[in-house]
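A.B. asks: Give the three-dimensional model of this entry:
(2 chains)
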Amino acid sequence: MSDLVIDHASVTHGSTLAVDDVSLTIRQGELVAVLGPSGCGKTSLLLAIAGLLPLQEGSISVGSRELSRRGRSVPPEKRGVGWVPQEASLFPHLSVGENIGFAVPRGRGRARADRIAELARLVGLGALTNRAPNQLSGGQAQRVALARALAPRPDVLLLDEPFAALDTQLRTGLRREVAELLRAQGTTSILVTHDQEEALTLADRVAVLRDGHLEQFGTPEEIYQQPASDWVAQFVGDVVELEGRWRAGRVTCALGAVEAAAVGFAPADGDAVRLMLRPEWIVPRHDLLAHAAAGADARVASISYAGHDAMLACDLTAGLTVRMRMAAVDLPEVGEQLRLAVQRPGLAFPTRAA
Amino acid sequence: MTLAPPAAAAPAPSGAAAASRAPGERGADARLASRAARPPLWLVLLGSFAALLASIPLVYLLVRAGGSGPERFVETLTRGRVLEYAANSLGLAAATTATALVLGTAVAFTLSRLRVPFPRLWLLASSLPLAVPSFLAGYGWLVLVPSAQGFVPSWLLLSAVTMPYVALPVAAALRGASGDLEGVARTLGRGPLSAFFVATWPQVRPAAIAGGLLVALYALSDFGLVAMMRFPTLTWGISAAYSASFDRAQAAILALLLVVLALLVVLGERSARGRVPRAAARAVAPRAIGRGMLLSLLPVVAAAPVVGVAIPLLGLATRLVQAETLRELDVPRLLAAIGSTVGVALAAAALAVVLALPIAALGARFRGRLVSVIESAGYLGHALPGIVVGLSLVFFSLAVLPGLYQSVVVLVFAYAVLFMPKAIGTMRSGLADVPVSLVAVARTLGESPLRAWWRVTVPLALPSVGIGALLVAIATMKELPATLLLRPTGIQTLATELWNRTVVFEFGAAAPYAAVLVLVAAVPAMVLSGIRSTAKEEW
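C.D. replies: Next up is the predicted model:
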């Protein structure tokens, strides 16, 4: 097994600590997304794995081969780590085919041309190998960059926000295609992104980074349903927050006594806590009430319609407003009375220090 | 003291690239670039060597002039003639700079903000005077008006020839300046003129001042034109002192005075220029103007091309077609002059590029005190008048390398020092435009640092090396004062042949040399400056 092991890695950028004591073990063939807001250190982590930035502390290794530690680093060309930079960075003086074949050794016969053609076909650009990079669309350029990085058969492939510059429709299609391709190749891949949806839909596991720290590392479902902190909860999706009191595994709040799991602390009965729900966990179905044992009457105050689903703001009789998301079929009307229920356990966090 | 690349000499990065790489961007490029803070030792050594060579003329001039002792200094500098020379130089430089600034800004504004017919053509025409060496323009005028002598013709002709140094960068800055700001100022209650001065002028000012610096240095260091028009400035005084007396200390002291004036101009420009952060720019549509307005602007726009190019070429042409001129034509002599002109130009271009390369490579990627000292030394030739470099190298070769005195080696070296800044400017921006991430990609694809440099940086930066070499070659062919001082006996260039005949009023015999000089030096310069200025406008 040649897993990629990042062990207590720290990277400095100028005088600031860009990556602070991050440990990750990425299994061979896995696709991992590194998710975080801009400036969280995710690109620095990527450059450190590529050997383009030195490690301040810790180590990076693939299998039994150590690639980096403080003061010692295998040079980028000898690491077997491929890199697809932001905005593709194709060599402007070389054709598409020459870009793809940059790392394919020149030999006798047609071996090189065949390999280039094979890679071009793989990324769906078979007919374009004679084009110049400036004649490509953004999506095509990213495909070329991907083929170019795959050409030397790297152990690990790094993708730095490869879809950020593309328009929404193209992005959705291309990223699914790229994820399938990477899985089919069995290449260990790390995708850096600040787009939660991208991370959650594509990755086998997601590493959430904040200010250089690893906040959580888990499957997309774990990250979304069981965030390790309220920061992660808020960063990876919409949240509804309600003040309440803890009592025996439930939080009594404006939505009734909602079953909840305490995250990162152990509240005593009667403690004030913050209940955090995802908007789609709240549903207008009182048949669920018996199971959830929580619910409240509400009046639809406004609806923001997004095509596939809709976000409803509902005024509770208690005077609060909660947001709920539901599929956009048979939507209620503004002013309609609903009986709301919470369909799965919520998350309880400590109240914010005043 | 630092002599940074002047805005006009170094081609600005294309607008698209500048816009996509906003300052403070957090991408991989910025991070990789900031990491490489320490230049490799071999590059520093090569750069320091080039910088040392480039500072020989200035350093040796200081040694030589300083050796005279303070009494001699005071005695020389307080002579009536010397004060007159200095006053003439300063007056000419001030008048020329003011005229070029006003005229150049007016031309730039007209061509970029008003709707005039054939804007591209006018822009090209406005860049043409750059290609005509001042003494060639002077020759053309003297052919037609032999009585054109003294301050006024020198001033007007120098202003016409140098106007593009202001007009081109200001036009580019005006296109790059955000028009939205002006609109905002208007909606906040400013009139059109007031809005221009509040919102747009600050964005244009650095370009105008940098252009003004080039004009002032050009006027201070000009020798051929003022000598032809018998206006005694410092350059003329240096030449006279050098050739008239065996006491060359006086020439050295005058040269030092001229250098001090030039450096004062450079320092003044640096403190006046200021820096303006570039706002995101949206182009302003040129405003339509009436026919009357258009006709009244025509003389403004046409003045410099007519005075600096059309009339001199007309004067040249009238002499060239005269039967007498053709009868007197000494073809072998003309061919010899062409051969030596092209030969020294190519040699100078090669040497300048070789010396400039390590300095440009340092400046493109690295910061720090040592790097900026090396860069400043490389740009010294920019502030040193040709006659000063020539004079200093005469002294230097006589004292240190007598075997090389009056050899082609010293002549080519003088050209390389004088015009190296042109090569550094273009090559530096060519190298800096190669994204750091491309080299990093090549590394991750298995290339060693040297191979990555060879496969990525070299092919991408090669065009800028070619342009740098071409700029040096063209400037060399047009050079006069250093050539007059340093040329080996028996070697004549087109410029010296033209000069030798014009000073004795043999206008007919000078005509073929002038015509060939236009063909081999001015025409490529026009094409190049045309390409560069229009290309800059398109992006």
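A.B. asks: Show me what stretch A:169-177 is in contact with.
C.D. replies: A:G124, A:G138, A:G139, A:Q142, A:R143, A:F163, A:L166, A:E198, A:T201, A:L202 (CB atoms under 8 Å, 6 or more residues apart in numbering or on different chains). C-beta: built from backbone N, CA, C; applies to glycine.
A.B. asks: Would you mark the buried spots in that stretch?
C.D. replies: A:R171, A:L174, A:R175 (16 or more other CB atoms under 10 Å in any protein chain shown).
A.B. asks: circling back: return the closest of the contacts of stretch A:169-177 with respect to chain B.
C.D. replies: Ranked by distance to chain B (CB to the nearest CB), the contacts of stretch A:169-177 are led by A:G138 at 12.2 Å.
A.B. asks: State the pLDDT value of the closest one.
C.D. replies: Predicted confidence (pLDDT) at A:G138: the value is 86.
A.B. asks: I'd say it and A:P162 touch.
C.D. replies: No: A:G138 is beyond contact range of A:P162, at 10.1 Å (criterion: CB atoms under 8 Å).
A.B. asks: Out of the two, name the residue with the larger neighbour count.
C.D. replies: Remark: of A:G138 and A:P162, A:P162 carries more neighbours, 27 against 17, as counted by other CB atoms under 10 Å in any protein chain shown.
A.B. asks: Contact partners for that one?
C.D. replies: By CB under 8 Å, 6+ apart, the contact list for A:P162 reads A:V84, A:Q86, A:A88, A:Q142, A:A145, A:L146, A:V178, A:L191.
A.B. asks: And it, how far from chain B?
C.D. replies: Computed as CB to the nearest CB, to the nearest Å, the A:P162 to chain B distance reads 12 Å.
A.B. asks: circling back: go through the contacts of stretch A:169-177 and flag which are in strands.
C.D. replies: Of the contacts of stretch A:169-177, none are assigned to strands by DSSP state E.
A.B. asks: Which among those count as buried?
C.D. replies: Buried members of those, scored by 16+ other CB under 10 Å, are A:G138, A:G139, A:Q142, A:R143, A:F163, A:L166, A:E198, A:L202.
A.B. asks: Just the ones of the buried residues of stretch A:169-177 in strands?
C.D. replies: The strands, defined by DSSP E, take in nothing from the buried residues of stretch A:169-177.
A.B. asks: Adding pLDDT, write these out as a markdown table.
C.D. replies: Converted to a markdown table, the buried residues of stretch A:169-177 look like this (pLDDT from 0 to 100):
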| residue | pLDDT |
| --- | --- |
| A:R171 | 84 |
| A:L174 | 87 |
| A:R175 | 87 |
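A.B. asks: closest to chain B among these?
C.D. replies: Ranked by distance to chain B (CB to the nearest CB), the buried residues of stretch A:169-177 are led by A:R171 at 18.3 Å.
A.B. asks: Contact residues of the stretch 51-200 of chain A facing chain B?
C.D. replies: Proximity of the stretch 51-200 of chain A to chain B, by CB under 8 Å from any CB of the partner chain, involves residues A:51-53, A:75-79, A:81-83, A:85-87, A:89, A:91-93, A:102-103, A:148-149, A:151-152, A:160.
A.B. asks: give me that answer again for 6 Å
C.D. replies: Contact residues (CB under 6 Å from any CB of the partner chain) of the stretch 51-200 of chain A with chain B: A:L52, A:P76, A:E77, A:W83, A:P85, A:Q86, A:S89, A:H93, A:F102, A:A103, A:P152.
A.B. asks: So which of these sits lowest on pLDDT?
C.D. replies: On pLDDT alone, A:Q86 ranks lowest of these, at 83.
A.B. asks: Quick one: neighbours of it, just the number.
C.D. replies: 20.
A.B. asks: Help me confirm that it comes into contact with A:L158.
C.D. replies: No: using CB atoms under 6 Å, A:Q86 and A:L158 do not qualify as a contacting pair, with a distance of 11.1 Å.
A.B. asks: Residue of the stretch 251-400 of chain B closest to chain A, please.
C.D. replies: Residue of the stretch 251-400 of chain B nearest chain A, by CB to the nearest CB: B:R367 (12.6 Å).
A.B. asks: element containing that residue, please.
C.D. replies: B:R367 belongs to no helix or strand when assigned by DSSP states H and E.
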